[in-house]
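>>> Sequence first, then the predicted structure, then my questions.
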Amino acid sequence: MNIFENIRIIIIEAAKSFGINDKKILDKITAEPPKEEIHGDISTNIALLSSKALNKNPRELAENIGMLLKKNNYIDEVKIAGPGFINLFLNKSIFYECCKNVLDLKNHYGKSDYGKSALVNIEYVSANPTGPMHIGHARGAVFGDSLANLLEYSGYNVTREYYINDAGQQIINLARSVYIRYIEILKDKEPIFGDDLYPGEYLIPVAKSIIDKFGDKFISLKELDWIEVFKEYSINAMMHLIRNDLSLINIHHDNFVSEQSLKSNGLIDNVVELLSKKNSIYEGVLEAPKGQKNDDWESRPQLLFKSTLFGDDLDRPLKKADNTWTYFAADAAYHYDKYKRNYTSIINVWGADHGGYIKRIEGIVKTVSDSKINFDVKLCQLVNLSKGGKPVKMSKRAGNFVTMKNVIDTVGPDVLRFIMLTRKNDAPLDFDLVKVKEQSKDNPVYYVQYANIRINSLYEKAKIHGIDLRDDLNNINFKLLENISEINLIKLISKWPRQVEAAARANEPHRITFYLNELAGAFHSFWSHGNDNPSLRFINDSNKDLTIARLSLAKIVKIILSSGLSILGVKPAEKLS
RNA sequence: GACUCCGUAGCUCAGCUGGAUAGAGCAACUGCCUUCUAAGCAGUAGGUCGCAGGUUCGAAUCCUGCCGGGGUCGCCA
């Protein structure tokens, strides 16, 4: 039950009876909570939107529509304000019905069929298989996974996908790095790594596993003869490592797509053929890059995609000088493949450093789909890691970068996931390894979790009074909840479904975090009133009906906390640690 | 130089895809512990929404141009 949607339907009916049938206007009619409480529970812009079409003064029209709306049982009072807003003051009964609805639906309250089972593909993480995940990867991973949860919760059919960059130079470098470790072990030789290689010790076990299987047969062979074996073993080992890291924060992709497989199964040829048919590629010569000296720039005709048609500053090459495909060509094939798999929406979660890459891929998606599918790229900004206020410096060259696993070992998976969603994706995020573990109201994780812990303690207290909140209670009289703090809490509860929908529409899971913070705040607020005024405590020995109503309210909060946290991928804390 | 994100209270940030007198939390100040856990709550104060135009009934939000900050800009992946 979404009371805002219910009231909106009533308003639309009213609009129709005033002769407003233009779908464009009807679709724009809002029923939303006003910023200020004194303006009522729901505000609608219907009069402002339709005054022109009806050729009437908006305030006068608002008066007339308002009189009609007032006849509805759920609407106690109607006030016209400003240029022609209609403010509705709802009868409390609708909010009490909403409470009952939550208890009936339990963790289904807030779920919707908003997405109408549309197929959505979310590609996230896609870390290069050259080493363990570091803390920067974690943000995109958590964001993407929570977005997937959010969209599933909102009725979409979601595929969680990982694109494995298992081709190209970096994989050769990876294989060479493992070979150096191989030689190190077999010949007891000090390893020397070039600039592009990977000196991390995590490659030693990979070399060992190759020795276990093949012995020392590669020592005397030329690179050409060992490189493929080393590539395969290294990629498999690194993907195993990454999947293991991901499972620590409960991330499991449905589908892994290999860049190499796109190259070998001819999909690139297919997409190039299609782009050619659509007249989107040509043989051309790019200008030398501006603003930087041309060290080895060579002007030559090459196969280009017309990405400038989509706002890119250059048309982008599909083939390198050695006649092999570029990374972009493979990625074009990858997105063509997604299109062919019938997704209606494609969402990519990338690091902010890939911002310049959006337009060319958007161009590909638009071209191959004739602009028929939704395409959205969510960029995640940097994570500034610190420890007790001191920045943690990371340098890959020195090899002292902080891995995601390090952080999980320090703060736990739930804290990591929660904190990663305390900022919107395009804002930088501060992550302090000490602060996130503080048990104080400054720490949003504990603020929210503590609400759940308090409710758990209520469950225990209730048992002593012979009430088992795990059961479905009958005859709950929500009307007894009349205190302003209770009403505020109930009103916030009634907003949950529309918050979920707004978050899903914007692809912004952080809104769930902010809502939960607000919900926890409203709960703490009421709880504390019990300190000042014993008659406002949840458990009231002299009034069992009131006690049951209040405990049910607590149960409702627990249900929503649990739903919200499950979208974030965080387990509710059951007690203080 | 181009592209992109950001600029909102002293600090950290929200702001429901255009709504009303712009909101939280820190920090500051004032109260609240014989308690269902004070790991919390109530209250006070704090603003030219970077600047200037434009679009309309109405702009923090959309458009244009500046100013300031971050990021990106390979035949790398």
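All right, it came through fine.
>>> going forward, measure contacts between C-alpha atoms and count neighbours the same way
Will do.
>>> Run the chain-centre distance for the helix or strand hosting residue A:60.
Using DSSP states H and E, residue A:60 falls within helix A:58-70. On the basis of C-alpha atoms, centre = their mean, to the nearest Å, helix A:58-70 sits 41 Å off its chain's mean C-alpha point.
>>> Now do stretch A:263-271: everything it contacts.
A:262, A:329-330, A:332-333, A:336-337 (C-alpha atoms under 8 Å, 6 or more residues apart in numbering).
>>> now do 7 Å
A:262, A:329-330, A:333, A:336 (C-alpha atoms under 7 Å, 6 or more residues apart in numbering).
>>> likewise stretch A:430-450?
With C-alpha under 7 Å, 6+ apart as the criterion, stretch A:430-450 contacts A:383-389, A:411, A:415, A:418, A:516-517, A:520, A:572-573.
>>> Kindly report the same for stretch A:333-353.
A:118-124, A:140, A:144, A:262, A:267-268, A:271, A:365, A:368-369, A:373-381.
>>> Tell me the buried residues within these.
A:118-124, A:140, A:144, A:262, A:267-268, A:271, A:365, A:368, A:373, A:375, A:377-381 (16 or more other C-alpha atoms under 10 Å).
>>> Could you list which of the residues you listed also contact RNA strand B?
Residues of the buried ones among the contacts of stretch A:333-353 in contact with RNA strand B (C-alpha under 7 Å from any atom of the strand): none.
>>> Show me which residues of the stretch 251-400 of chain A sit near RNA strand B.
Close to RNA strand B, as judged by C-alpha under 7 Å from any atom of the strand, the stretch 251-400 of chain A has residues A:289-291, A:297-300, A:311-313, A:316-317, A:319-322, A:326-328, A:352-357.
>>> Backbone dihedrals for the residue in the stretch 151-300 of chain A that RNA strand B sits nearest to, both of them.
For the stretch 151-300 of chain A and RNA strand B, the shortest gap (C-alpha to the nearest atom of the strand) falls at residue A:168, measuring 3.8 Å. Residue A:168 adopts backbone torsions of phi 90, psi -170, taken as degrees, to the nearest 10.
>>> now, which of the buried ones among the contacts of stretch A:333-353 lie within strands?
Under the assignment DSSP state E, the buried ones among the contacts of stretch A:333-353 contribute A:119-123, A:375, A:377-380 to strands.
>>> Identify the residue nearest the geometric centre of chain A.
When C-alpha atoms, centre = their mean is applied to chain A, the residue found nearest the centroid is residue A:147 (2.8 Å).
>>> quick one: that residue and RNA strand B, what's the gap?
14 Å (C-alpha to the nearest atom of the strand, to the nearest Å).
>>> check contacts around that residue.
Contacts of residue A:147 by C-alpha under 7 Å, 6+ apart are A:507-509.
>>> Name the helix or strand of chain A that has the lowest mean pLDDT.
When the helices and strands of chain A are scored by mean pLDDT, DSSP states H and E, strand A:390-391 comes last with a mean of 80.
>>> What pairs with it, parallel or antiparallel?
strand A:383-387 (antiparallel) (DSSP bridges).
>>> now the helix or strand harbouring residue A:332, how far from the centre of its chain.
Applying DSSP H and E as the criterion places residue A:332 in helix A:327-340. Here helix A:327-340 shows a centroid-to-chain-centroid distance of 23 Å under the convention C-alpha atoms, centre = their mean.
>>> Stretch A:382-393 too?
Mean-position distance between stretch A:382-393 and its chain equals 23 Å (C-alpha atoms, centre = their mean).
>>> what's in contact with it?
A:136, A:428-435.
>>> The closest residue to residue A:110 other than its chain neighbours: neighbour count?
In space, and not counting its chain neighbours, residue A:110 is closest to residue A:497: 4.2 Å by C-alpha to C-alpha, 6 or more residues apart in numbering. Neighbour count for residue A:497, taken as other C-alpha atoms under 10 Å: 20.
>>> what does residue A:258 give?
16.
>>> Quick check: bridge partners of it?
The partner residues for residue A:258, given DSSP bridges, come to residue A:164.
>>> circling back: when you compare where the helix holding residue A:332 runs with where strand A:119-123 runs, what's the angle?
160 degrees (axes from the mean of the first three to the mean of the last three C-alpha atoms, to 10 degrees).
>>> ok, residues contacting stretch A:485-498?
A:2-3, A:95, A:98, A:110, A:519, A:522-523, A:526.
>>> Reformat those residues as TSV; add neighbour count, distance to RNA strand B and pLDDT.
Formatted as TSV, those follow (neighbours: other C-alpha atoms under 10 Å; distance: C-alpha to the nearest atom of the strand, whole Å; pLDDT from 0 to 100):
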residue	neighbour count	distance to RNA strand B	pLDDT
A:2	17	13	88
A:3	19	13	90
A:95	21	17	92
A:98	21	18	93
A:110	24	14	92
A:519	23	10	91
A:522	22	7	88
A:523	24	8	90
A:526	20	7	87
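>>> Output the below-cut-off pLDDT ranges for chain A.
A:288-298, A:394-400, A:577 (pLDDT under 70).
>>> List the residues that contact residue A:462.
Residue A:462 neighbours (C-alpha under 7 Å, 6+ apart): residue A:468.
>>> State the helix or strand in which it lies.
helix A:444-464.
>>> does that helix come close to RNA strand B?
Yes: using C-alpha under 7 Å from any atom of the strand, helix A:444-464 reaches RNA strand B at A:447, A:450, A:453-454, A:457-458, A:461.
>>> Buried ones among the contacts of stretch A:430-450?
Neighbour-count burial (16+ other C-alpha under 10 Å) applied to these gives A:383, A:385-386, A:415, A:418, A:516-517, A:520, A:572-573.
>>> Take those and keep only those in strands.
Judged by DSSP E, those include A:383, A:385-386 as members of strands.
>>> so how far is RNA strand B from residue A:484?
Taking C-alpha to the nearest atom of the strand, one finds residue A:484 at 10 Å from RNA strand B.
>>> and residue A:81, what are its bridge partners?
Residues in a beta bridge with residue A:81, per DSSP bridges, are residue A:85.
>>> one step back: mind listing what's buried along the helix holding residue A:60?
Those would be A:58-59, A:61-63, A:65-66, A:68-70, for helix A:58-70 by 16+ other C-alpha under 10 Å.
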